[in-house]
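Enquirer: 3D model of this:
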Amino acid sequence: MKIIEQHELDVIKQKKSNNPFFEDNIEYLEALEDIAILKLMAAIYRNNDPLLSDIMEFTLSYENQMKEKVKNANEKGVQLSFEKFCSIYNLDNFERTTVQLLLFSQTSKRFREFLPKYKSDHHNDYFLTIDDILAIISLSYRDQIINRKYFSVDGRLVKYELIDFSKHYRNFFYTDVSLHERIINFIVGDNNIYDVELQGIMTEKSNIKWDQVVLPAEKKSEILEIAQNYAANKLEKANYKLIEEFYGYGTGIVFLFYGPSGTGKTMLAYALANELDKSIVTIKSDEENCGSMWRDSNIIKHTFREAKLCNGIVFFDECDDLFKNDTLTSRTFLIELEKAKCITILATNKPIQMDPALDRRVTMKVPFYLPDEFEREKIWKILIPPNIKIASNVNIRELAKKYIFAGGQIKNALFMAINNAMARDNFQDITLNYEGIEKSAEYQTITAFELNGLSESYTPEAKIHKLLISSDKKTMLSKIASAYKKSNGNNKGINILIGSSNIESGIQCANAVAKACDLKV
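Expert: Now for the predicted structure:
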């Protein structure tokens, strides 16, 4: 049997390269595979075998050469995913070696060929147990006892769910251990999705510019300052690590964006990610699986893990289930939020009533309101693409005044008008005219009422002089309409209370005033 090990050792020695740096991630993984096999061989022949000293001496030399090559590769900008992963989770030597052994027990046939020679308990020759890992890494029984703490619930490997345990075991230390599939894929550089639990998570780069978001300048500046300071502070690893260790948990930043639909909550989240040059990690919210996704607490765990791996921002949109007290979803979210060391953004269209435990972990609550006329005018202008021409009869200020829209409705109106104009202009020199925009905007108005199922929009036909009321009441209503027309030139409104013993008569009076004011109802 030793002939095989000696042959493998000779093969590894011959592979040792004089190249001063690793060319790519896979070349580094091949070297890590060699080291993992050498450590397993050393464990096999630990009892004073003559081969052991040769293995140990060469392993030390090989590891020292690798450190220098890693340093040179980093200076040349070569991405080494194993090193990045260990840095993200701040793993020490024992934890690094554990991840290394588990990685190759799951991905390397060469490594697995040596496992049966090492394992005394052959109930599963191709999986490592906690006891196996302790024995391979620890040089003495004393060290094995001391290192058991790495697999406690407070250890980083377990706390951050980097490793999975078999559900069937006789004793905790004899259970099979594996790396989570997403961790393996990250280290080997495979971005494909194989785990169905991960298919609902989406990681993307945003192209929304910060100046595209129309909100009060003070509010935007405050949000950006908090986020930028947090991102900059995390780069100072030494001091920030001490701060995180001091507090223990709850050292992430959490924003809560709340307000009516279409007011810019999602746009601001994506703009912030773009401004910080971070990916944004979300849960897909299609109609078929959105509800079931939120009820699956595991996907919340995976979302935070994904954000940690890509140094991204977690964004939970329409996440009202997270605010419900004492549900599995809210409890899972609270636990993950406490462990998270990233920026998290929550958004909801509904009034919020949160669990106090969650409420105190929100760094900043940001209300979103319907934009005023000045803001609407800015939104209309910003949302017109640069390749679209505007006809001379288009008055943006008039549109902003006439249509009390949120940003989402303005976008929809413009997009519909642009599509119609493209077909009309045969896709060249596309020009928006006032009639086209007005038609699309009117449709948005009608749709808004229809969607909530509570209202309808119509042009009234009733006229004041034809109402079946006394002449003095007709005169009063005419004066009200006249007063509105005069005051509206100064952008003033008017509130009217009509009292009537007959509801239909009261409605007809309201319709007649609207007709006289050229308004819809």
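
Enquirer: what's the first-to-last distance across stretch 200-213?
Expert: 27 Å (CA to CA, to the nearest Å).

Enquirer: Buried residues, stretch 329-340. List them.
Expert: 329-330, 332-333, 336-337, 339-340 (16 or more other CB atoms under 10 Å). The way it works is simple: take the backbone N, C-alpha and C, and place the C-beta from them, glycine included.

Enquirer: From the residues you listed, pick the one nearest Asn274.
Expert: Ranked by distance to Asn274 (CB to CB), the buried residues of stretch 329-340 are led by Ala340 at 20.9 Å.

Enquirer: Give me the neighbour count for the residue nearest to the closest one when sequence neighbours are not counted.
Expert: Setting aside the residues directly before and after it, Ala340 is nearest to Gly252 in space (CB to CB, 6 or more residues apart in numbering), at 4.1 Å. For Gly252, the neighbour count with other CB atoms under 10 Å is 21.

Enquirer: try the one 4 residues further on
Expert: The number of residues packed near Leu256 is 23, by other CB under 10 Å.

Enquirer: where are the low-confidence patches of the stretch 351-500 of the chain?
Expert: Residue ranges of the stretch 351-500 of the chain with pLDDT under 70: 351-353, 425, 427, 448-456, 489.

Enquirer: Please, where are all the strands along it?
Expert: 364-367, 389-390, 431-432 (DSSP state E, counting those that start in this stretch).

Enquirer: tell me what the longest one is packed against?
Expert: Counting contacts by 3 or more CB pairs under 8 Å, 6 or more residues apart in numbering; DSSP states H and E, strand 364-367 is packed against helix 217-235, strand 253-258.

Enquirer: which of these is buried the deepest?
Expert: Most buried of the helices and strands packed on strand 364-367, by mean neighbour count (mean count of other CB atoms under 10 Å): strand 253-258, with a mean of 21.

Enquirer: Tell me which helix or strand comes right after it.
Expert: For strand 253-258, the following helix or strand on the C-terminal side (DSSP states H and E) is helix 265-275.

Enquirer: Roughly how far does the closest residue to Phe172 other than its chain neighbours sit from Lys401?
Expert: Excluding its sequence neighbours, the residue lying closest to Phe172 (CB to CB, 6+ apart) is Ile130, at 7.0 Å. Distance, Ile130 to Lys401, using CB to CB, to the nearest Å: 70 Å.

Enquirer: Just say helix, strand or coil for Asp164.
Expert: strand (DSSP: H, G, I helix; E, B strand; the rest coil).

Enquirer: Distance check, it against Ile184.
Expert: Applying CB to CB to Asp164 and Ile184 gives a distance of 11 Å.

Enquirer: what does Lys69 give?
Expert: Distance from Lys69 to Ile184, by CB to CB: 23 Å.

Enquirer: Surely Gly408 is in contact with Gly262?
Expert: Yes. With contact defined as CB atoms under 8 Å, Gly408 reaches Gly262; the gap is 2.6 Å.

Enquirer: Looks to me like Ala347 is in a helix.
Expert: No. The assignment for Ala347, made by three-state DSSP, is strand rather than a helix.

Enquirer: pretty sure it is touching Val314, no?
Expert: No. Assessed by CB under 8 Å, Ala347 is found out of contact with Val314, at 11.5 Å.

Enquirer: These two: which has the busier surroundings?
Expert: Val314 (25 against 20).

Enquirer: orientation of the strand or helix carrying that one relative to helix 265-275 in degrees?
Expert: Here Val314, judged by DSSP H and E, is contained in strand 313-317. For strand 313-317 against helix 265-275, the angle by axes from the mean of the first three to the mean of the last three CA atoms, to 10 degrees is 170 degrees.

Enquirer: Contacts for the helix or strand just after strand 313-317, please.
Expert: Under the assignment DSSP H and E, the closest C-terminal helix or strand after strand 313-317 is helix 328-339. Contact with helix 328-339 is made by 159-160, 249-250, 252, 254, 294-295, 297, 300-301, 304, 321-324, 344, 355, 357-358, 361, as judged by CB atoms under 8 Å, 6 or more residues apart in numbering.

Enquirer: again with stretch 26-35
Expert: In contact with stretch 26-35 (CB under 8 Å, 6+ apart) are residues 12, 15, 22, 59, 62-63, 66, 69-70, 73, 80, 82-83, 100, 103-104, 108, 110-111, 187-189.

Enquirer: Adding distance to Ser279, write the helices and strands packed on strand 364-367 out as JSON lines.
Expert: Shown next, in JSON lines, are these (distance: least, CB to CB, whole Å):
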{"stretch": "helix 217-235", "distance to Ser279": "13"}
{"stretch": "strand 253-258", "distance to Ser279": "16"}
